[in-house]
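1. just the structure for this:
(one chain, ligands or ions: 1)
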Amino acid sequence: MSETCNQTCSSCSEDCAERKEKKVDFSERMNEMSNIKKVIGVVSGKGGVGKSLVTSMLAVAMSRMGYHAAILDADVTGPSIPKAFGIKQKASGSELGLLPVKTQTNIDVMSINLLLEKDSDPVVWRGPIISGTVKQFWTDVIWGDVDFMFIDMPPGTGDVPLTVFQSIPVDGIIVVTSPQELVSMIVSKAVKMAEMMNIPIIGLVENMSYFKCPDNGKDYQIFGESHIEEIADKHNLKVLAKLPIDPKISDACDKGIIEFYDGNWLEPVAKILVNMGGN
Ligand SMILES: Nc1ncnc2c1ncn2[C@@H]1O[C@H](COP(=O)(O)OP(=O)(O)OP(=O)(O)O)[C@@H](O)[C@H]1O
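-> Predicted coordinates for the structure are as follows:
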């Protein structure tokens, strides 16, 4: 039995001798016209820490390295991926399935906002409908050949992350944090969830880590001192990257040109993903 066992055998995928209920296979088959080599989940403990930004920048980094990247936007009630890439068109489909929309640099995206008539329409749905939508993004979208798919997860450890981890074969998780968060508790929750789901954590990305003053070149820790290294050590995890607060980032997201933003902090992460395979 795992140290973190909370006796919920039905949603746990660990193989252990003390299991009280049979392991249920919730896995869903990807669309038969899809061939996705690696799936990376991007999670955060709370909203607004830059999870969608990190998801977008990771897809851009892989694409710049010559890999075919895709983003499945599982943040159904707060989808921000289409806006960051400036996608205006809607997704199309046929009886065979839905087609993702391509960004200007050929990253495939599927998001609820590509299906709604107006992207300002709120999604006021119950949990099971939202989870069902995310599953359909896996089963009913014709993704074609994809080297790396990034799943932008809603914040926290709720219904949708659970559905994603149980139904989609996620190869690894990247946890996005920011210095002002209750990082230790949040990382612990993510680590425990990943353990229950038997999914490896690739590492941590700290966003809004510091601000580089353009006048004197000094770094300022706006949200206070970072404790990310200690927390990573405690859980035996790697700190993969630290991103600064950069007004050019928010400007690029607002203008829908994140693909053309030149920050390369996530290149080392992209290299780690390449070593995991995907081609
Ligand atoms: N390092 C940064 N520098 C400047 N602005 C940033 C940075 N990171 C994120 N932002 C801005 O903060 C806002 C929130 O970012 P983002 O949507 O990526 O967060 P999130 O964690 O995905 O939020 P949610 O959980 O609500 O989906 C965006 O407007 C984004 O442009």
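2. only C-alpha atoms from now on, for both contacts and neighbour counts.
-> Fine.
3. can you pull out the helices in the stretch 51-200 of the chain?
-> Along the stretch 51-200 of the chain, counting by DSSP state H, counting those that start in this stretch, helices occupy 51-64, 81-84, 127-139, 159-167, 183-197.
4. in CSV, list these along with mean pLDDT, distance to the ligand and mean neighbour count.
-> Output for the helices of the stretch 51-200 of the chain, formatted as CSV (pLDDT from 0 to 100; distance: least, CA to the nearest ligand atom, whole Å; neighbours: other CA atoms under 10 Å):
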stretch, mean pLDDT, distance to the ligand, mean neighbour count
helix 51-64, 96, 4, 24
helix 81-84, 95, 8, 23
helix 127-139, 87, 15, 18
helix 159-167, 87, 13, 20
helix 183-197, 80, 13, 18
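5. just send those back as a markdown table, with distance to residue 241 too.
-> Below are the helices of the stretch 51-200 of the chain laid out as a markdown table (distance: least, CA to CA, whole Å):
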| stretch | distance to residue 241 |
| --- | --- |
| helix 51-64 | 10 |
| helix 81-84 | 21 |
| helix 127-139 | 28 |
| helix 159-167 | 23 |
| helix 183-197 | 15 |
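6. the ones you listed: which one's closest to residue 29?
-> The minimum distance between residue 29 and these falls on helix 127-139, with 6.0 Å, by CA to CA.
7. could you give the angle of that closest one to helix 159-167?
-> 40 degrees (axes from the mean of the first three to the mean of the last three CA atoms, to 10 degrees).
8. CA atoms only: put helix 127-139 into CSV for me.
-> These are the backbone C-alpha positions of helix 127-139, laid out as CSV (Å, rounded to 0.1, in the frame of the first residue of the first chain):
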residue,chain,number,x,y,z
GLY,A,127,-19.1,18.1,-14.0
PRO,A,128,-19.9,14.9,-15.9
ILE,A,129,-20.7,16.9,-19.1
ILE,A,130,-17.4,18.8,-18.9
SER,A,131,-15.5,15.5,-18.3
GLY,A,132,-17.3,13.9,-21.2
THR,A,133,-16.3,16.8,-23.5
VAL,A,134,-12.7,16.4,-22.6
LYS,A,135,-12.9,12.6,-23.3
GLN,A,136,-14.4,13.5,-26.7
PHE,A,137,-11.5,15.7,-27.4
TRP,A,138,-9.5,12.5,-27.3
THR,A,139,-11.9,10.0,-28.9
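9. what about the protein, any weak spots by pLDDT?
-> Residues of the chain meeting the criterion pLDDT under 70: 1-6, 8-15, 22-24, 124, 181-183, 277-279.
10. the ligand contacts on the stretch 151-279 of the chain?
-> Neighbours of the ligand within the stretch 151-279 of the chain, by CA under 6 Å from any ligand atom: 154, 155, 207, 208, 243, 244, 245, 246, 247, 249, 250, 253.
11. OK, contacts around the residue nearest to the last one when sequence neighbours are not counted?
-> In space, not counting the residues next to it along the chain, residue 253 is nearest to residue 84; the distance is 4.3 Å by CA to CA, 6 or more residues apart in numbering. Shown here is residue 84, whose contacts under the criterion CA atoms under 8 Å, 6 or more residues apart in numbering are 53, 56, 252, 253, 254, 255, 256, 257, 258.
12. for residue 212, see how far away the third one is.
-> So that's residue 252. In this view, residue 252 and residue 212 are 18 Å apart by CA to CA, to the nearest Å.
13. and these two? which has more neighbours close in?
-> Each of residue 252 and residue 212 has its neighbours counted (other CA atoms under 10 Å); residue 252 has more, 18 against 14.
14. you'd agree that one is up against residue 258?
-> Yes: at 5.0 Å, residue 252 and residue 258 qualify as touching, with contact defined as CA atoms under 8 Å.
15. which residues does the nearest residue to residue 90 once chain neighbours are set aside contact?
-> Computed as CA to CA, 6+ apart, the closest residue to residue 90 that is not its neighbour in sequence is residue 114, at 4.6 Å. Applying CA under 8 Å, 6+ apart, we find residue 114 in contact with 82, 89, 90, 91, 101.
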